[in-house]
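**Student:** Starting from these lines, generate the structure:
(one chain, ligands or ions: 2)
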Amino acid sequence: MLVFLQKVIDVILPPRCLLCGKIVADQNGLCQECFDKIKFISTPYCLKCGNPLPTGNSVQSCSLCVSDNKNPFRMQRSRVYYDDASRPLIVDFKFHDKTENAEFLTRWLLTAGHDIWQQGADILIPVPVHASRLRERKFNQAALLCKELSKLTQIQANYTVLQKTKKTKPQVECDSRTRVRNLKNAFSVNNIEELKDKRVVLIDDVMTTGSTLKECANVLLKAGVKSVDALTVARVIKNS
Ligand SMILES: [Zn+2]
Ligand SMILES: [Zn+2]
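**Tutor:** Ligands and ions are numbered 1, 2, ... in the order given. Below is the predicted model of the structure:
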């Protein structure tokens, strides 16, 4: 019955490309032209931070991860480069209430998280936003992705254990020195018992500087979780 109904709806309101609006065959998809412009992160990539490595590279970690022993993550993964091609999908979703993009973006999260699901994970946690920001935007885009991903993976999601308790400036507006100060004590964990020895996956739409995810990871590790992964739909890749 549901399949039939969907077919009727497709005739009246045919599915459209989420980027350009052209009629496409699939519900929640992109047309071939828009799809071809998306830059996916594929192998080889650094097994730790997930950043792409030059083609033909046989090493498993990038030079940064080899020397950085303060990286709090078990691993970090993203599906696509955050660039002119992918940006409208995220911006429409986050700022223009195009929540129908969530299902599509979650499929990218699911693919990007392949290594994480293989290693095992216990809880999905969205990067929280401050209550005042939530009032402006009406929803937390990371929480919405988390909810969809939880349905697909059957891994439980927790929306309350990690909270943003301080209003901060967007990290991109800070220079490298004020970035750390801006986020200091911005996040807190309640109900530590719920997190003890758990393998946590932090979910967000975009990783820009990575400092917000890092701060969340450090707070969670301090609270006693076993490991933290970061999973985002897109990420800013320098020199791309
Ligand atoms: Zn298109
Ligand atoms: Zn790396």
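**Student:** By mean pLDDT, flag the weakest helix or strand of this structure.
**Tutor:** helix 2-12 (a mean of 72; mean pLDDT, DSSP states H and E).
**Student:** Identify all contacting residues around the helix or strand that contains residue 134.
**Tutor:** Taking DSSP states H and E as the criterion, residue 134 maps to helix 131-137. Residues from elsewhere that reach helix 131-137 (C-beta atoms under 8 Å, 6 or more residues apart in numbering): 94-95, 129, 140, 164, 167. Where C-beta positions appear, they are placed from N, C-alpha and C, glycine not excepted.
**Student:** cool, and stretch 159-175?
**Tutor:** Contacts of stretch 159-175 (C-beta under 8 Å, 6+ apart): 125-126, 128-133, 143, 146, 179, 182-183, 185-191, 194-195, 208-209, 211-212, 216, 219-220.
**Student:** mind checking how far residue 116 is from residue 77?
**Tutor:** 6 Å (C-beta to C-beta, to the nearest Å).
**Student:** shared neighbours of the two, anything?
**Tutor:** 229, 231.
**Student:** can you list the residues of this structure near ligand 2?
**Tutor:** Taking C-beta under 5 Å from the ion as the contact definition, the chain meets ligand 2 at 46, 48-49, 62, 65.
**Student:** Leaving out chain neighbours, which residue sits closest to residue 152?
**Tutor:** residue 110 (5.4 Å; C-beta to C-beta, 6 or more residues apart in numbering).
**Student:** Surely the one you found is in contact with residue 148?
**Tutor:** No. Assessed by C-beta atoms under 8 Å, residue 110 is found out of contact with residue 148, at 9.0 Å.
**Student:** So the two - more neighbours on which side?
**Tutor:** residue 148 (20 against 16; other C-beta atoms under 10 Å).
**Student:** Return the residues in contact with that one.
**Tutor:** Contacts of residue 148 (C-beta under 8 Å, 6+ apart): 102-103, 106.
**Student:** Which two among the residues of the chain next to ligand 2 are spaced furthest apart?
**Tutor:** 48 and 62 (7.6 Å; C-beta to C-beta).
**Student:** Which of those two has more residues huddled nearby?
**Tutor:** residue 62 (21 against 18).
**Student:** thinking again about what came up before, downstream neighbour of the helix holding residue 134 in the secondary structure list?
**Tutor:** With DSSP H and E, the next secondary element past helix 131-137 is helix 141-153.
**Student:** pretty sure residue 54 is in a helix, no?
**Tutor:** No. Counting by DSSP: H, G, I helix; E, B strand; the rest coil, residue 54 is not part of a helix but coil.
**Student:** Counting neighbours, what do you get for the nearest residue to it once chain neighbours are set aside?
**Tutor:** Once flanking residues are discounted, residue 54 sits nearest to residue 44: 7.7 Å by C-beta to C-beta, 6+ apart. For residue 44, the number of neighbouring residues by other C-beta under 10 Å comes to 15.
**Student:** Other residues contacting stretch 11-23?
**Tutor:** Contacts for stretch 11-23 (C-beta under 8 Å, 6+ apart): 24-31, 33-34, 88-89, 92, 98, 100-101, 104.
**Student:** Just the buried residues of the residues you listed.
**Tutor:** 24, 28-31, 34, 88-89, 92, 101, 104 (16 or more other C-beta atoms under 10 Å).
**Student:** List the contacts of the closest residue to residue 140 other than its chain neighbours.
**Tutor:** Using C-beta to C-beta, 6+ apart and skipping the chain neighbours, the partner closest in space to residue 140 is residue 129 (4.9 Å). Shown in contact with residue 129 (C-beta under 8 Å, 6+ apart): 137, 140, 142, 164.
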